[in-house]
Every structure is written in structure tokens, then in C-alpha cells.
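[1] Sequence first, then the predicted structure, then my questions.
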Amino acid sequence: NAGVTQTPKFQVLKTGQSMTLQCAQDMNHNSMYWYRQDPGMGLRLIYYSASEGTTDKGEVPNGYNVSRLNKREFSLRLESAAPSQTSVYFCASSPWTSPETQYFGPGTRLLVL
Amino acid sequence: GENVEQHPSTLSVQEGDSAVIKCTYSDSASNYFPWYKQELGKRPQLIIDIRSNVGEKKDQRIAVTLNKTAKHFSLHITETQPEDSAVYFCAQGKVASNYQLIWGAGTKLIIKP
């Protein structure tokens, strides 16, 4: 099992550009999450998907959209990137048997100039 | 709103000594308290968790204690080793929110040789 995978690992964008961060898990997990991590601020939830076909806003959803494409894949889109979105983005998933136990992907480091 | 305060932000201990990190939460409905370890440049990984129906849990050199009355929980690492150097995050979750986790800001633990 690859677990949770994310692409790309690193990306540089100019202000106003758009991009999609990809996340996939091969553990048959129901729930998936997108977080951003900024220095000294821990992890903040952007969006989550409790099951295939559903998505909900987290703590910091502004400027982002998500798509739960199928049970395996959960993508995060930045329509018009801003320097404030410079961060490390982590995707996570959790199984229905223990939804509280989250497994993280390796992260995507995003720099917006 | 709900939040988790984590202290200290940085902790430096001599190798072989003990380290204690404390988190305080505000939501009395919280019933799940995990601790994650994040090594430099890596993803967060669950190291231990505790539920509100127990007061203490141990796993080899690490332990977590929970005081529901005072709304705080702590991570204890004994006989610290160089590989314990990392950033540690506490979090809290509850059934009512499908275990969406609220995260502390993190503690950078430095083990001095």
C-alpha cells in the first residue's frame, strides 16, 4: 500500500494563477481532509469529505475549492492564487472504523510569488 | 470558539531526561485527544491517543494523561533520545463533529546530547 499520496511535492505560482493539488489514498478510507500548515500555527482544516459525494468547509476555506472525485481521490483547487496561500498543504484520510485516526500524505509545498 | 492551547512552544532537554508537553482545551464535549509527531520535512504521524473515559495511557517511553475537570492533557516522554527531536502536536476531537480535529500550535522538542 502506498497510503496517502500527494502531487506535486513542490510548486511555485505567480499571483493570480490557478492550480489543483491532487491527493489519493489506497486504504479504502471514507473520510479525507485538506490542511494547510504555516509556521507557528499548527494545522488548519481547509475542507473535508466525510464520504464519497460530500464535502464540507473547515476552518479556513476561503480561496479554495475541493472535489471528491471518487472514494480514492480528493483534490484541492486554488482558482486565483495569492501570496497568503503560500504554505505546506497536507492531505489526510481516515477509515470509517476509526474516523478519528488520520493518516497524512507527504505534503505539497506551495510558494506563491 | 473551540481551540487548543499548547505549551511550551519550544522545549530543550538533555538526552536521557524527561519531557512534558501540555495542552488545554475549551470544549467540554471533546472526547478524543491524539498526539502527533512531525519530524523535519516529514508528515505528521500519530504516536499516541487517549479517550475521555480513561485518565492515562502508556506506550513504552511515551504516556498521555488527561484531566477532564481541568480540561488539559499532557504528553510525557521519558529517557529522551536524539530521535525524539521533532515537533509535537496535540489535538482534540469529538463524535458530534465527526472527529474533525482541532490542533494545537505545536512544540518543538530539542534533545541535547
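    Noted; the coordinates are in hand.
[2] Which positions in chain A make contact with chain B?
    Neighbours of chain B within chain A, by CB under 8 Å from any CB of the partner chain: A:31, A:40-45, A:48, A:50, A:58, A:90, A:94, A:99-107. Every residue, glycine included, has its C-beta placed from N, CA and C.
[3] The residue lying closest to residue A:57 once chain neighbours are set aside and residue A:66: what is the separation?
    Counting by CB to CB, 6 or more residues apart in numbering or on different chains, residue A:47 is the residue found nearest to residue A:57 once chain neighbours are left out, at 6.1 Å. As judged by CB to CB, to the nearest Å, residue A:47 and residue A:66 stand 4 Å apart.
[4] Show me the common contact partners of the two, please.
    A:34, A:55, A:76 (CB atoms under 8 Å, 6 or more residues apart in numbering or on different chains).
[5] Looking at neighbours, which among these is most surrounded?
    The most crowded member of those, judged by other CB atoms under 10 Å in any protein chain shown, is residue A:34 (27 neighbours).
[6] what helix or strand is that one on?
    Secondary structure from DSSP states H and E places residue A:34 in strand A:31-37.
[7] Could you list the low-confidence segments of the chain?
    Just so you know, I chose chain A. For chain A, no stretch has pLDDT under 70.
[8] Chain B was what I was after
    B:1.
[9] What is the neighbour count of residue A:19?
    15.
[10] Correct me if wrong: it contacts residue A:77.
    Yes. Under the criterion of CB atoms under 8 Å, residue A:19 makes contact with residue A:77 at 7.4 Å.
[11] so who does residue 84 touch?
    No chain was given, so I picked chain A. Residue A:84 touches A:63, A:112, counting by CB under 8 Å, 6+ apart.
[12] You answered for a different chain; I wanted chain B.
    Per CB under 8 Å, 6+ apart, neighbours of residue B:84: B:19, B:77, B:109, B:111.
[13] With distance to chain A and secondary structure as added columns, please give those residues in TSV.
    Supplementary listing: the contacts of residue B:84 in TSV, determined by distance: CB to the nearest CB, whole Å; DSSP: H, G, I helix; E, B strand; the rest coil:
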residue	distance to chain A	secondary structure
B:19	19	strand
B:77	19	strand
B:109	15	strand
B:111	21	strand
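[14] List just the nearest of those to residue A:70.
    residue B:109 (39.0 Å; CB to CB).
[15] Not counting sequence-adjacent ones, nearest residue to the closest one?
    Closest to residue B:109 by CB to CB, 6+ apart is residue B:11, at 5.2 Å.
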